[in-house]
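J.: predicted model, plus sequence, below.
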Amino acid sequence: MIFLDLGYQPFANEFPKKIKDKEKKYRLLIDFNKKNGVVSIKKKFQSKKIFKKDYPYRSSLSETMSKSFGELSKKIKDKYKKKRILEIGCNDGVFLKNFKKKDALGIEPCSNIAKSSIQKGLNVLTEYWTYKLSNKIKKKYGKFDIIFSANTITHIQNLNEVFKAINNILNEDGFLIIQDPSLLELIKNNAYDQFYNEHIYVFSYLSLSNILKKHNLEILNLENVKDHGGSIRYYIKKKNNKNRLNQSVINQKRLEIKNGLDKIATYIKFRKKVENSKINFVNLLKKIKKNKKTIIGYGATAKAVTVLNYCKINTRYIDFFFDTTPEKQNKFMPGVKIPIRKYVKLKKKFVDYVFLGAWNFKKEIFNKENKFIKQKGKFVSHVPYPKIIP
Ligand code: TYD
């Protein structure tokens, strides 16, 4: 059942070079499948249409992500000594760089991003994750003890092929560790901006365990982590009667049922919250502009693209965005065509209010911009509800 309509949207990570550039748009509708609990965007694009040779997203540019993946790799190395690891969707090597080259293999389809991880001395194949590729890897490298994938599996349309390929090269007692945004956190935070063309699925424990069942895989343990505004890290194994479920799995299942993630009514309630958020956010920006104050954006994120296009926010409200990613600078925010500039430290002298496009890195940003906050500079965010901070 379609429960949310986020309007016509451009591709979130295709930044037009010129204001007049024509863009492809699609209708962003969100679906809840009552049978298996899967929440997905209705129009599902193939990886080849999205992840190409000039992909602009680089994980290493955030200190928070580098730290989080650094800690996780240490944990994996300490726990599973001398094990070989495969990462699906390794981006610029933010996780993989913590392992020895001989022990770790990365898969990354975007050639510009794969190139930057290869330049760091990592072993990376510039390929899409397919069953055919898993056969090729098995022949050359054998099976793996650990397969890791963060913020990638939910970006691939054909989940049956994804898990069939994983099963093909995961050792019988090996671990599959996947991490993706949590549907429960999304709903709680009213973070509708997690939906865009790349985020085909947003998993809950309930929906992921249903999908895995079909592939003879099961979730044995999980951790709620802060990454990307609230994610779950799942520890998965092939079904086996020696497998033991950790209490965290039982707790998460209870929590998701308690919060109604298996019920249509929850999603209808969410839609109403999102529609109110749009009205209140636009009113907030209007009020700021009426007082003749300036607003800029911080973090030209894919999430911000959803918000701006859904709420129809353009340069009438936001003068420009700052972003640290060279590939995004001197381009425009997709759809609404707000210019993106090279980041410089915020100063009250040139801006009054700053829209947090990267609200998921609020802590990191507030630390970096403590002078601006001391100068009484303000931020605005739509998450969990439209407000001015502090
Ligand atoms: P992210 O929130 O991971 O985005 P997405 O919604 O696209 O998945 O992306 C963070 C973006 O914000 C990225 O383009 C880098 C930028 N950024 C800054 O410009 N400055 C910062 O201090 C931080 C933390 C991020």
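T.: All right, it came through fine.

J.: point out where the stretch 201-350 of the chain drops to low pLDDT.
T.: Nowhere does the stretch 201-350 of the chain drop to pLDDT under 70.

J.: show me the helices in it, by range?
T.: 205-213, 247-258, 264-290, 302-311 (DSSP state H, counting those that start in this stretch).

J.: while we're on whatever residue of the stretch 51-200 of the chain ends up closest to the ligand, how confident is the model there?
T.: Distance from the ligand to each residue of the stretch 51-200 of the chain (CB to the nearest ligand atom) is smallest for Ser62, at 4.6 Å. Yep, even glycine has a C-beta here, placed from its N, CA and C like the rest. pLDDT for Ser62: 81.

J.: any idea how far Lys43 is from the closest residue to it other than its chain neighbours?
T.: Excluding the flanking residues, the one nearest Ser62 by CB to CB, 6 or more residues apart in numbering is Phe361, at 5.9 Å. Using CB to CB, to the nearest Å, Phe361 is found at 28 Å from Lys43.

J.: likewise Ile313?
T.: Separation of Ile313 from Lys43 (CB to CB): 23 Å.

J.: same deal with Ala12?
T.: 13 Å.

J.: Gln329 now?
T.: Gln329 is 29 Å from Lys43, where distance means CB to CB.

J.: which one of Ile313 and Lys43 has more residues nearby?
T.: Ile313 (22 against 13; other CB atoms under 10 Å).

J.: all helices of the stretch 1-150 of the chain, in order?
T.: 47-50, 63-79, 111-119, 131-141.

J.: centre of the chain to the shortest one, how far?
T.: Think helix 47-50. When C-alpha coordinates are averaged (CA atoms, centre = their mean, to the nearest Å), helix 47-50 and its chain have centres 16 Å apart.

J.: same deal with the longest one?
T.: Its chain's C-alpha centre lies 18 Å from the corresponding centre of helix 63-79 when counted by CA atoms, centre = their mean.

J.: what helices or strands is it leaning on?
T.: When contacts are defined as 3 or more CB pairs under 8 Å, 6 or more residues apart in numbering; DSSP states H and E, helix 63-79 packs onto strand 144-150, helix 362-368.

J.: redo those as JSON lines? Include mean neighbour count.
T.: As requested, the helices and strands packed on helix 63-79 are exported to JSON lines (neighbours: other CB atoms under 10 Å):
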{"stretch": "strand 144-150", "mean neighbour count": "23"}
{"stretch": "helix 362-368", "mean neighbour count": "15"}
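
J.: now render the ones you listed as CSV, adding distance to Ile156 and mean pLDDT.
T.: Formatted as CSV, these follow (distance: least, CB to CB, whole Å; pLDDT from 0 to 100):
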stretch, distance to Ile156, mean pLDDT
strand 144-150, 10, 96
helix 362-368, 28, 94
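
J.: how about JSON lines for these, with distance to the ligand added?
T.: JSON lines is the format used below for those (distance: least, CB to the nearest ligand atom, whole Å):
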{"stretch": "strand 144-150", "distance to the ligand": "11"}
{"stretch": "helix 362-368", "distance to the ligand": "5"}
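
J.: Pro384 is nearest to which of the ones you listed?
T.: Nearest to Pro384, of all the helices and strands packed on helix 63-79, is helix 362-368, at 11.6 Å by CB to CB.

J.: tell me what that closest one is packed against?
T.: Helix 362-368 packs on helix 63-79, going by 3+ CB pairs under 8 Å, 6+ apart.

J.: list the buried ones in the helix it packs on?
T.: For helix 63-79, the buried set under the neighbour-count rule, 16 or more other CB atoms under 10 Å, comprises Thr64, Met65, Ser66, Ser68, Phe69, Leu72, Ser73, Ile76, Lys77.

J.: quick one: the second one and Ser231 touch, right?
T.: No - with contact defined as CB atoms under 8 Å, Met65 does not count as touching Ser231 (10.9 Å).

J.: distance check, Asp323 against the ligand.
T.: Going from Asp323 to the ligand by CB to the nearest ligand atom, to the nearest Å gives 4 Å.

J.: ok, that residue to Lys132 distance?
T.: 36 Å.

J.: show me which of these two is the more surrounded one.
T.: Asp323 (26 against 11).

J.: show me the beta-bridge partners of the more buried one.
T.: Taking DSSP bridges as the rule, Asp323 bridges to Lys342.

J.: residues contacting it?
T.: Gly299, Ala300, Gln329, Ile340, Arg341, Tyr343 (CB atoms under 8 Å, 6 or more residues apart in numbering).

J.: of the residues you listed, select the buried ones using a ChimeraX command.
T.: Here is the ChimeraX command that selects the buried residues among the contacts of Asp323 (16+ other CB under 10 Å):
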select :299,300,329,340,341,343
